[in-house]
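Novice: Below are the sequence and a predicted model; questions follow.
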Amino acid sequence: MTVKERYEESKKLFEELGVDVDRAIERLLKVPISVHCWQGDDVSGFDSKGPLTGGIQTTGNYPGKARTPEELMSDMDKAMSLCPGMKKINLHASYAIFEKGGYADRDKLEPKHFKAWVDYAVKRHLGIDFNPTFFSHPMCKDGLTLTSPDPEVRKFWINHGKACIRISEYFARETGVPCVMNIWIGDGFKDVPADRMGPRIRYKESIEEILKEPYDRKLVKVTVESKVFGIGVESYTAGSGEFALSFAAFHEGCLPLMDNGHYHPTEVVSDKIPALLAFFDEIALHITRGVRWDSDHVVILDDETREIAKEIVRCDALERVHVALDFFDASINRIAAWAVGMRSIEKALLMALLTPWERLKKLQDENRMTELMISQEMIKMLPYGDIWDEYCEMDGAVKDIDLYGAIYRYEKEVLTKRG
Ligand code: RNT
Ligand code: ZN
């Protein structure tokens with residue numbers, strides 16, 4: 001049977017349950033997934049040669065890491081070409097591209113340092129999301145940025161934040177797509193602090209200073225990302241869950257960003273999505289996979305990724321939730337890491353869109369819990385793969401079975417030639 005024939009056959013099964021398969025695909029094609037540039041070079045960036053700091057770490061040294069903007073862009077092209085669906089790109093300020101002799105420090109960054117990225121995005125009809133880089137820099141004094149007790153240090157990072165707002169607005173204007181600008185700092189303490197409040201007040205006031213930069217709230221959506229702990233800051237992080245959520249709730253135009261690797265191990269972001277959607281018009285997510293101490297493993301089609309996608313779909317919130325990927329694995333082919341992550345969130349969303357939620361909700365509301373359990377178990381075994389293969393084919397992406405071959409060829413032809 002051809003892919004198309006399998007699709008037509010399987011479609012009947014979904015239709016019997018009341019699912020409109022063509023409409024599900026149509027909807028999925030319009031959901032932008034923000035693809036993080038930092039998977040391509042292990043979060044190194046182009047603005048310094050220093051180590052990665054700020055409570056995050058990459059492990060592994062698989063050959064073929066992108067070393068230049070050209071290499072990174074080419075790798076992103078390759079990874080995105082392998083995956084179906086609509087994309088945006090997600091940049092960090094440390095990925096500024098300087099002309100010869102044109103270096104600018106983080107507090108002095110300007111739109112012109114990102115012109116090459118705008119050209120890249122516009123040519124491919126992609127929106128751009130942005131992140132100030134509050135890590136891997138000598139001004140992270142004692143590991144602190146916006147919470148530092150040193151006013152000079154705070155000033156530097158506030159100016160960085162303001163510069164990033166101007167750059168985000170430039171991205172939105174040039175691409176015609178609103179830019180999500182995410183604030184995440186790794187500030188915290190390895191051991192028991194003597195003052196938990198002081199750093200948080202300084203963090204709050206610092207973001208408020210950043211937000212004084214005039215900008216169009218429709219073009220730039222500022223998000224604040226929380227974290228429970230980081231490597232080397234195990235005892236305390238200033239930007240905790242309650243901090244980020246309260247900040248967003250109390251500041252006009254600010255949205256909370258939940259990274260599902262940033263919570264206690266039995267806490268799930270999927271359950272938090274409807275809770276926040278009851279209060280916020282929009283929210284943002286970093287989709288990742290936490291494994292023991294690490295919050296940044298490659299996203300796969302696991303239970304929580306599926307559960308997150310289900311919540312977005314059954315809350316009818318595909319337009320209210322900004323979905324970005326955030327992981328970095330340096331131990332495997334980086335194009336594969338990207339592709340598996342991108343494809344997994346697409347698969348999870350497709351499966352969620354192929355589920356008859358109205359029927360299932362009705363069972364819950366009528367307290368028909370036995371039937372609900374049986375129905376939910378039955379739905380797990382539907383032939384999603386046939387719909388997925390057709391979705392890939394119609395959007396010009398490879399099928400799962402051809403993914404490794406395509407990556408292997410690029411590795412042979414391009415990646416192994418890098419020194
Ligand atoms: C770190 C946060 C943050 C970073 C990126 C590079 O734990 O998740 O989002 O991963 O900004
Ligand atoms: Zn994140």
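Specialist: Here it is on my side, so go on. Numbering: from 1, shown residues only. Ligands and ions are numbered 1, 2, ... in the order given.
Novice: and the spatially closest residue to residue 71 that is not a sequence neighbour, what does it touch?
Specialist: Spatially, and ignoring its direct neighbours in sequence, residue 71 is nearest to residue 418 (7.0 Å; C-beta to C-beta, 6 or more residues apart in numbering). All C-beta atoms are positioned from the backbone trio N, CA, C, and that covers glycine. Residues near residue 418 by C-beta atoms under 8 Å, 6 or more residues apart in numbering: 63-65, 67, 71.
Novice: tell me which residues in the helix or strand encompassing residue 246 are buried?
Specialist: Following DSSP states H and E, one finds residue 246 within helix 241-250. In terms of neighbour count (16 or more other C-beta atoms under 10 Å), helix 241-250 has its buried residues at 241, 243-245, 247-248.
Novice: Return the member of those nearest to ligand 2.
Specialist: Set against ligand 2, the nearest of these by C-beta to the ion is residue 244 (11.3 Å).
Novice: Touching, that closest one and residue 224? I think so.
Specialist: Yes - counting by C-beta atoms under 8 Å, residue 244 touches residue 224, with 4.4 Å between them.
Novice: and for the two, which residues touch both?
Specialist: 256-257.
Novice: Longest helix in the chain, by number of residues?
Specialist: helix 151-175 (DSSP state H).
Novice: That helix: which residues count as buried?
Specialist: 153-154, 156-165, 167-172, 174-175.
Novice: now do stretch 128-140
Specialist: Neighbour counts using 16+ other C-beta under 10 Å place 128-137, 139-140 of stretch 128-140 among the buried residues.
Novice: ok, and of those residues, which contact ligand 1?
Specialist: Filtering the buried residues of stretch 128-140 for neighbours of ligand 1 using C-beta under 6 Å from any ligand atom leaves residue 131.
Novice: Save the buried residues of stretch 128-140 as JSON lines, and put in pLDDT too.
Specialist: Formatted as JSON lines, those follow (pLDDT from 0 to 100):
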{"residue": "128", "pLDDT": "99"}
{"residue": "129", "pLDDT": "99"}
{"residue": "130", "pLDDT": "99"}
{"residue": "131", "pLDDT": "98"}
{"residue": "132", "pLDDT": "98"}
{"residue": "133", "pLDDT": "98"}
{"residue": "134", "pLDDT": "98"}
{"residue": "135", "pLDDT": "97"}
{"residue": "136", "pLDDT": "96"}
{"residue": "137", "pLDDT": "96"}
{"residue": "139", "pLDDT": "97"}
{"residue": "140", "pLDDT": "97"}
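Novice: In helices, which of the buried residues of stretch 128-140 appear?
Specialist: Within those, no residue falls in helices by DSSP H.
Novice: and which of the buried residues of stretch 128-140 is nearest ligand 1?
Specialist: residue 131 (5.1 Å; C-beta to the nearest ligand atom).
Novice: so how far is residue 45 from that closest one?
Specialist: Distance from residue 131 to residue 45, counting by C-beta to C-beta, to the nearest Å: 11 Å.
Novice: Could you name every residue contacting both of these two?
Specialist: Taking C-beta under 8 Å, 6+ apart as the contact rule, residue 131 and residue 45 both touch residue 92.
Novice: what residues does the stretch 151-300 of the chain put near ligand 1?
Specialist: Residues of the stretch 151-300 of the chain lying close to ligand 1 by C-beta under 6 Å from any ligand atom are 184, 225, 227, 259, 286, 295.
Novice: rerun that using 8 Å as the cut-off
Specialist: 182, 184, 186, 225, 227, 230, 257, 259, 261-262, 286, 288, 295-296 (C-beta under 8 Å from any ligand atom).
Novice: Just put those in CSV and tack on distance to residue 388 and secondary structure.
Specialist: Supplementary listing: those in CSV, determined by distance: C-beta to C-beta, whole Å; DSSP: H, G, I helix; E, B strand; the rest coil:
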residue, distance to residue 388, secondary structure
182, 30, strand
184, 32, coil
186, 37, coil
225, 30, strand
227, 33, coil
230, 35, strand
257, 28, strand
259, 26, strand
261, 25, coil
262, 29, coil
286, 24, strand
288, 22, coil
295, 27, strand
296, 25, strand
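Novice: Which one of the residues you listed is nearest to residue 192?
Specialist: Ranked by distance to residue 192 (C-beta to C-beta), these are led by residue 230 at 15.8 Å.
Novice: ok, the closest one - contacts?
Specialist: 54-56, 186, 188, 237.
Novice: Tell me if residue 148 really is in a strand.
Specialist: No - using DSSP: H, G, I helix; E, B strand; the rest coil, the assignment for residue 148 is coil, not a strand.
Novice: Any residue of the lowest-mean-pLDDT helix or strand in the chain touching ligand 2?
Specialist: Least confident helix or strand of the chain, by mean pLDDT, DSSP states H and E, is strand 294-297 with a mean of 94. No - judged by C-beta under 5 Å from the ion, strand 294-297 makes no contact with ligand 2; its nearest approach is 7.5 Å.
Novice: circling back to that earlier point, of the residues of the stretch 151-300 of the chain next to ligand 1, keep whichever come out buried.
Specialist: In those, burial by neighbour count holds for 182, 184, 186, 225, 227, 230, 257, 259, 261-262, 286, 288, 295-296, counting by 16+ other C-beta under 10 Å.
Novice: for this structure, what are the low-confidence residue spans?
Specialist: For the chain, applying pLDDT under 70 flags no range at all.
Novice: Near ligand 2, which residues of it are found?
Specialist: So far as C-beta under 5 Å from the ion goes, the chain lies against ligand 2 at 259, 286, 326.
Novice: Adding distance to residue 201 as columns, could you present those residues in a markdown table?
Specialist: Formatted as a markdown table, the residues of the chain next to ligand 2 follow (distance: C-beta to C-beta, whole Å):
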| residue | distance to residue 201 |
| --- | --- |
| 259 | 23 |
| 286 | 26 |
| 326 | 27 |
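Novice: Figure out the helix or strand that residue 386 lives in.
Specialist: helix 384-394.
Novice: Tell me how far the following helix or strand past that helix lies from the chain's centre.
Specialist: Remark: after helix 384-394, the chain's next helix or strand is helix 400-413, criterion DSSP H and E. Mean C-alpha position of helix 400-413 versus that of the full chain (C-alpha atoms, centre = their mean, to the nearest Å) differs by 24 Å.
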